[in-house]
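Student: Following is a predicted model, sequence given first.
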Amino acid sequence: MTDHVFYPWSAQAGLNAPTIVGASGSHFWDDKGNRYLDFSSQLVNVNIGHQHPDIVAAIIAQAQQLATISPTVGNEVRSELARLIVERAPGDLNRILFTTGGAEAVEHAVRLARSFTGRTKMLAAYRSYHGGTGVAIGLTGEPRRWGAEPTNVDVVRFFGPYPYRSPWETSTPEEETTAALRHLRQVIELEGPQNIAGLILETVVGTNGVLVPPPGYLAGVRALCDEFGIVYIADEVMVGFGRVGQWFAVQEFGVAPDLITFAKGVNSGYVPLGGVLIAERIAQRYDHTVYPGGLTYAGHPLACAAGVASIEVFERDGILDHVRSVGADVLGKGLRELAARHPSVGEVRGLGFFWALELVRDPETREPLVPFAAAGAAAEPMAKVTAAAKARGVWPFNVGNRFQIAPPLTTSADELRTGLEIVDEVLEVADEYV
Ligand code: PMP
């Protein structure tokens with residue numbers, strides 16, 4: 001592809017991506033007539049599916065009524081979306097600071113945590129992604145941060161649970177929870193809790209492997225944050241708004257954080273939108289004190305109209321139920337069957353419409369199919385596996401040594417089964433390296 005666009009996270013010369021000209025529901029297609037089943041929801045954001053007529057209509061209607069307005073004045077559709085989101089949020093997360101995307105939401109969550117506590121240090125996990133801007137990339141605990149260093153963010157890293165590759169070599173999820181919480185307590189104590197403003201954690205770790213927290217882990221994190229006066233930020237940019245079958249993924253684990261960052265699925269990216277849900281006691285700090293921050297396009301009326309329409313479709317079409325039942329019965333079950341047949345699949349994990357197959361060269365030693373690499377470096381043979389899927393018309397969300405699957409939440413059981421048949425064929429490419 002030769003054009004004047006400078007592509008993010010990409011070596012410009014090596015880019016060999018198709019030119020996409022159209023999309024509908026769970027599919028998109030390119031200028032050469034190739035059609036793809038979207039097993040990525042693009043960047044895990046098109047939760048409602050492509051070109052949903054209700055969302056498109058809502059954007060058009062809003063554009064005709066009021067296409068743009070400052071975020072510092074009142075606006076009906078923005079207030080309506082905030083109400084709809086708060087009604088579905090856990091705990092007393094009663095107010096929303098809107099942004100235009102996920103990284104900005106993270107920037108503001110950190111600013112809120114710091115200004116609320118008067119502390120500066122942030123705790124963030126290894127194997128995390130929190131966004132591509134200043135503070136957000138500094139918090140990120142994986143190779144995409146490397147090229148942006150030094151980041152000058154006062155961050156301390158800890159290991160989150162990862163039973164398949166346990167940092168503590170535990171052998172059960174329960175042991176992993178105990179070890180991870182003991183480790184986190186030590187990090188907090190040695191760093192000085194009086195200096196720690198906030199802890200940021202993806203509720204289900206997304207790009208870094210669809211790591212579902214083991215039982216009790218998030219409740220333990222909540223308890224540690226309470227004990228030490230640390231603001232608990234759940235980063236749900238990727239897993240909020242139905243990805244795991246709940247409005248917010250923390251609801252699956254019965255915890256209420258102090259702040260939730262969201263973006264992507266809130267309106268499926270038809271118009272850029274993100275935000276921070278704020279606990280009442282933190283929001284009240286700014287009732288008579290100016291909040292130091294804001295963005296010209298935050299809470300854009302077109303984006304909010306798309307968000308309102310999206311929540312209405314979720315409710316009307318029972319999307320959360322669909323994600324829970326079909327996610328478990330078709331995706332989860334189907335992927336476990338594939339894992340049993342393919343020696344290259346070391347582990348299957350996931351929830352709802354978010355799954356990963358961790359690919360290995362040796363199921364005994366768990367040697368990964370490819371080693372860690374910096375962003376954009378599609379290492380062989382994983383690049384070959386991904387190319388094989390795309391050549392057969394399935395577009396996965398592969399990262400590192402994981403074959404990751406995150407279809408639009410509106411994808412039917414039959415479409416998922418068709419996709420899984422193709423994944424079955426594609427895994428033979430990986431099996432050759434075992
Ligand atoms: N946090 C998480 C957990 C994410 O997955 C992402 C995006 N992949 C971000 C933050 C950043 O969001 P955005 O790209 O919209 O800035």
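Tutor: Received, thanks.
Student: center of this protein - which residue?
Tutor: Met238 (1.8 Å; Cα atoms, centre = their mean).
Student: Tell me the spacing between that residue and Ile48.
Tutor: 15 Å (Cβ to Cβ, to the nearest Å). From N, CA and C alone the C-beta is placed, and that goes for glycine too.
Student: likewise Gly209?
Tutor: According to Cβ to Cβ, Gly209 stands 25 Å off from Ile48.
Student: Compare the two (neighbour count), which wins?
Tutor: Applying other Cβ atoms under 10 Å to Gly209 and Ile48 shows that Ile48 carries more neighbours, namely 29 against 23.
Student: so how many other residues sit close to the residue in the stretch 101-250 of the chain that the ligand sits nearest to?
Tutor: Residue nearest to the ligand within the stretch 101-250 of the chain (Cβ to the nearest ligand atom): Gly102, separated by 2.2 Å. Other residues lying near Gly102 total 30 when counted by other Cβ under 10 Å.
Student: Can you give me the buried ones in the host helix or strand of Ser79?
Tutor: Assigned by DSSP states H and E, Ser79 falls within helix 76-88. Across helix 76-88, burial judged by 16 or more other Cβ atoms under 10 Å covers Val77, Arg78, Leu81, Ala82, Leu84, Ile85, Arg88.
Student: what's the angle between the helix or strand following that helix and helix 76-88?
Tutor: Using DSSP H and E, the helix or strand that follows helix 76-88 towards the C-terminus is strand 93-99. On the basis of axes from the mean of the first three to the mean of the last three Cα atoms, to 10 degrees, strand 93-99 is oriented at 140 degrees to helix 76-88.
Student: What helices and strands are in contact with strand 93-99?
Tutor: helix 76-88, helix 102-117, strand 274-279, helix 280-284 (3 or more Cβ pairs under 8 Å, 6 or more residues apart in numbering; DSSP states H and E).
Student: Please tabulate the ones you listed in TSV, including the columns mean pLDDT and distance to Ile96.
Tutor: TSV is the format used below for those (pLDDT from 0 to 100; distance: least, Cβ to Cβ, whole Å):
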stretch	mean pLDDT	distance to Ile96
helix 76-88	98	5
helix 102-117	98	10
strand 274-279	98	5
helix 280-284	98	9
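Student: TSV please, covering the ones you listed and showing distance to Val308.
Tutor: Formatted as TSV, those follow (distance: least, Cβ to Cβ, whole Å):
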stretch	distance to Val308
helix 76-88	5
helix 102-117	19
strand 274-279	14
helix 280-284	22
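Student: what residues does the stretch 101-250 of the chain put near the ligand?
Tutor: Residues of the stretch 101-250 of the chain found near the ligand (Cβ under 6 Å from any ligand atom) are 101-103, 106, 129-131, 202, 206-207, 235, 237-238.
Student: For this structure, just list every one of the helices.
Tutor: Ranges of helices within the chain are 41-44, 53-65, 76-88, 102-117, 134-139, 173-191, 217-228, 250-253, 280-284, 301-316, 319-326, 333-341, 382-391, 413-431, based on DSSP state H.
Student: Quick one: those helices as a markdown table, columns for distance to His27 too.
Tutor: Below are these laid out as a markdown table (distance: least, Cβ to Cβ, whole Å):
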| stretch | distance to His27 |
| --- | --- |
| helix 41-44 | 12 |
| helix 53-65 | 15 |
| helix 76-88 | 28 |
| helix 102-117 | 25 |
| helix 134-139 | 31 |
| helix 173-191 | 36 |
| helix 217-228 | 35 |
| helix 250-253 | 29 |
| helix 280-284 | 41 |
| helix 301-316 | 18 |
| helix 319-326 | 17 |
| helix 333-341 | 19 |
| helix 382-391 | 13 |
| helix 413-431 | 9 |
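Student: and of the ones you listed, who's closest to Gly269?
Tutor: Nearest of the helices of the chain to Gly269, taken as Cβ to Cβ: helix 41-44 at 7.0 Å.
Student: Alpha carbons only: can I get that closest one in PDB?
Tutor: C-alpha atoms of helix 41-44 as PDB (Å, rounded to 0.1, in the frame of the first residue of the first chain):
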ATOM      1  CA  SER A  41     -14.200  -6.300  16.300                       C
ATOM      2  CA  GLN A  42     -11.300  -4.300  14.700                       C
ATOM      3  CA  LEU A  43      -9.400  -3.200  17.900                       C
ATOM      4  CA  VAL A  44     -12.000  -5.000  20.100                       C
END
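Student: buried sites along it?
Tutor: Ser41, Gln42, Val44.
Student: And the residue of the chain most remote from its centre, what's its pLDDT?
Tutor: What lies farthest from the middle of the chain is His288; by Cα atoms, centre = their mean that is 33.8 Å. The per-residue pLDDT reported for His288 equals 96.
Student: State the distance from it to Leu93.
Tutor: Distance from His288 to Leu93, by Cβ to Cβ: 21 Å.
Student: in terms of contact, does the residue nearest to the centre of the chain touch Asn208 like I think?
Tutor: No - counting by Cβ atoms under 8 Å, Met238 does not reach Asn208; the two are 10.3 Å apart.
Student: shared neighbours of the two, which are they?
Tutor: Jointly contacting Met238 and Asn208 under the rule Cβ atoms under 8 Å, 6 or more residues apart in numbering are Glu202.
Student: Nearest residue to the residue nearest to the centre of the chain in space, ignoring adjacent ones along the chain?
Tutor: Gly206 (3.7 Å; Cβ to Cβ, 6 or more residues apart in numbering).
Student: got it, and Thr261?
Tutor: Nearest non-adjacent residue to Thr261 (Cβ to Cβ, 6+ apart): Ala105, at 3.9 Å.
Student: Brilliant, that's me finished.
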